[in-house]
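>>> got a predicted structure plus its sequence, pasted below:
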Amino acid sequence: MRKFLSTMLALVMTLALLVPSAWAGTAPKSNDVVVLYTNDVHCQVDQATDAKDTSKITNIGYAGVAAYKKEMQAQYNNVLLVDAGDHSQGGPIGTLSKGSYLIDIMNETGYDYATLGNHEFDYGMDQLLKVNIPKATFQYLSCNFSDASGNAVTKAYDIKTYNGVKVAFIGISTPESFTKSTPTYFQDKNGNYIYSFAEGNNGQDLYNKVQSTIDAAKAAGATYVVAISHLGTDPASSPWTSKEVIANTTGLNVVLDGHSHSTIASETVNDKNGTAVLLSSTGTKLAAIGKLTMNTTTGAMTTELVTDYATQDAVTMEEIASIEGQFNSQLKQVVAHSDVALTVMTPDGSSRAIRSAETNLGDLCADAYRSELGADIAFVNGGGIRDNIPAGDITYEQIIKVHPFGNMACLVEATGQQIVDALEMSSRAYPNENGGFLQVSGLKYSIDPTVASTVKTSDKGAFISVDGARRVSDVQVLDKTTGTYVPIDLTKTYKLASHNYMLKSGGDGLNMFMNDKVLLDEVKIDNQVLIDYIKDTLNGTVGTEYANLNGQGRITYLNMVMLDQSTLALTVGKTATLTASGHESLLGMAITWTSSDDKVATVDASGVVTAVSAGTAVITASVNGFTATCTVTVTAAAANSSPATGDSGSVVIYTALAVSALLGTGFVVGKKKELF
Ligand SMILES: [Zn+2]
């Protein structure tokens, strides 16, 4: 509410300033055509300011776009507002409404045209074709998105007449939509692609499609052709970058581009004939509004970016507030159920565990990535799992609180070596916290904190190498066909699912995957991965397979508790005392001693083992869920033998872990006390 008031105040002030110049109507309006453009807004609905300097507008917001359009309409007779794609996805408001709230908001803002970005496909074809496109009051344009019969799904281009001159606007969507959204959305039930983006022939099909659209527009009388494209300038998008499309066609005058989030105020790229074509793109999240100005008489054209624009249109703000109100009530809606409490904490709830240990919520999140992306293995960083989900009904809001960052799910082809290196990197601080501690699915591994980490990192914290002994061992991968775990093959490649931060951006220093082949690129927002997994795969209920707060035992912690002897031989009637030591993080915690068979050997609260009758028993020392064992073999007492094993000499007992003696790296031993 405070934000609303302050923006209202800003609005009133700015409107007051605008009245004399723009609204008094003294200056005659220009006949130049102004095309305002945005791209890759990714659900940045609201205005945002710099955290340090709140007078600086970092994100203009849709009410700002609406205000700027009105401001331009006060100065120019011909003003158009267009979007170059990726508007309906990127935040919870998109996830929850399957993009439809963004269409409502764009309708209110006053858009005239938009092209389909790859993320417009994220909610499935039914949602796009039956809900989102039909409800748009602006015209979607995409010349190269066609159905199985080769028919364009939306209009390919549209023509406006200004001062008697025709200007064509053509839409182009990236063929990367197949991998940068969910591939199955474009397929029939048998996995055959039933949609096309003119992706074939190493770019030539797309160039031909764009060319034939330009030609059709020219034949319909267009003097100028403006492309609204979601192609991007990233070389990884080759052969479908906007620059390649320009270089391989003729007749375009301007390309207003999106997809690579590039900030390009104005650049010229030569077309196939060597004619300069203007290229511009506004970055992302409404950091800027683009402004193309065309003089239809002289053909003069310029593009520029408008930033730090504070004015907001009051009517649009009100409409957006009402849509956000619906969204907020939807946040409280129950979307799923959990039979069990899901946690990021230690079982006793006293401290955060997710950054140093497996938890059931960690397992669930990792399973969601593995399942939703069809991976062999999935990783989720502990730092990316933020909140507990209590047993009972689950609301959207709770899911979003678990994954609030809006990271995007990706699938890469990683080698076994990269995976074990990532585990070594993620476990380097264990048992201390590390935001990059990996919760895993399709994988099991052991960590031994008595082995000092030999991971070498750069001064930026990025992984360089493992220079010596490894603390991670026994890494096993789930064999999907047999349902059993088999040792990881370091030379084999595995389909690894996680999100863009971990796999593409080197997040948490995990840079080993950055050059891996990307099989699925940013296909779904993280909280939607979790929602979809619970709703679709678990049929809406998290069941008792996730009941154990410590997870399903995918991570084994070696040597957190140790005994001074792993085997013991005693004769009946004799005693010996076991000494436990543990990692310093266990200091002061209670130790529990148990025997597997009290008829063979008993153990008391001080670790004193008493041999009862011939046989074998396993003594377990347990501290905070970590255990160590000693196998005791008891033999019948032989007559006149003395002394029996273990019953003489100096023995020590464990009394408490709260002592100072350090053994090796970070280990303490229980206080020793002479028995005899
Ligand atoms: Zn895109």
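Good, I have the coordinates.
>>> from the chain's centre, how far out does stretch 451-466 sit?
24 Å (Cα atoms, centre = their mean, to the nearest Å).
>>> now that stretch: buried residues?
By neighbour count on 16 or more other Cβ atoms under 10 Å, the buried set for stretch 451-466 is 451, 453, 455, 463, 466. Any C-beta I mention is one placed from the backbone N, CA and C, and that applies to glycine too.
>>> any stretches of the stretch 51-200 of the chain with poor pLDDT?
The stretch 51-200 of the chain contains residues with pLDDT under 70 at 180-183.
>>> would you mind listing what in it touches the ion?
86, 117, 118 (Cβ under 5 Å from the ion).
>>> for the buried residues of stretch 451-466, work out which two are farthest apart.
The largest separation in those, counting by Cβ to Cβ, is between 451 and 463 at 17.4 Å.
>>> what are the C-alpha coordinates of stretch 607-618, in PDB please?
Written as PDB, here are the backbone C-alpha positions of stretch 607-618 (Å, rounded to 0.1, in the frame of the first residue of the first chain):
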ATOM      1  CA  GLY A 607      29.800 -47.500  26.300                       C
ATOM      2  CA  VAL A 608      30.800 -50.300  28.600                       C
ATOM      3  CA  VAL A 609      30.200 -53.600  26.800                       C
ATOM      4  CA  THR A 610      29.600 -56.700  28.900                       C
ATOM      5  CA  ALA A 611      29.900 -60.100  27.300                       C
ATOM      6  CA  VAL A 612      26.900 -62.300  28.200                       C
ATOM      7  CA  SER A 613      27.000 -65.500  26.200                       C
ATOM      8  CA  ALA A 614      28.800 -66.800  23.100                       C
ATOM      9  CA  GLY A 615      27.800 -65.300  19.800                       C
ATOM     10  CA  THR A 616      28.100 -62.000  17.800                       C
ATOM     11  CA  ALA A 617      26.500 -58.700  18.500                       C
ATOM     12  CA  VAL A 618      26.800 -55.300  16.900                       C
END
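>>> average pLDDT for that stretch?
For stretch 607-618, the mean pLDDT works out to 95.
>>> and that stretch, what's buried?
607, 608, 609, 610, 611, 612, 617.
>>> where's residue 474, which helix or strand?
strand 472-479 (DSSP states H and E).
>>> which strands border that strand, and is each parallel or antiparallel?
strand 443-447 (antiparallel), strand 484-487 (antiparallel) (DSSP bridges).
>>> residue in the protein nearest to the ion?
Nearest residue of the chain to the ion, counting by Cβ to the ion: residue 259, 3.8 Å away.
>>> any idea of the pLDDT on that residue?
Among the per-residue scores, residue 259 holds a pLDDT of 95.
>>> tally up the residues packed near it, please.
31 (other Cβ atoms under 10 Å).
>>> swap in residue 444?
17.
>>> hmm, residue 552 and it touching each other?
No. Using Cβ atoms under 8 Å as the test, residue 444 is too far from residue 552 to be in contact (9.4 Å).
>>> show me what the closest residue to residue 570 other than its chain neighbours is bridged to.
Nearest non-adjacent residue to residue 570, counting by Cβ to Cβ, 6 or more residues apart in numbering: residue 611, 3.8 Å away. For residue 611, the beta-bridge partners are residue 601 (DSSP bridges).
>>> which residues does residue 611 contact?
Applying Cβ atoms under 8 Å, 6 or more residues apart in numbering to residue 611 gives the contacts 570, 571, 572, 573, 574, 575, 600, 601, 632, 634.
>>> just the buried ones from those residues?
Applying 16+ other Cβ under 10 Å to the contacts of residue 611 flags 570, 571, 572, 574, 575, 600, 601, 632, 634 as buried.
>>> picking up where we left off before, the residue nearest to residue 570 and residue 572: what is the separation?
5 Å (Cβ to Cβ, to the nearest Å).
>>> list phi and psi for the residue of the chain closest to the ion.
phi 100, psi -50 (degrees, to the nearest 10).
>>> hmm, back to that, could you tell me which residues touch both of residue 611 and residue 572?
Going by Cβ under 8 Å, 6+ apart, residues that sit against residue 611 and also against residue 572 are residue 634.
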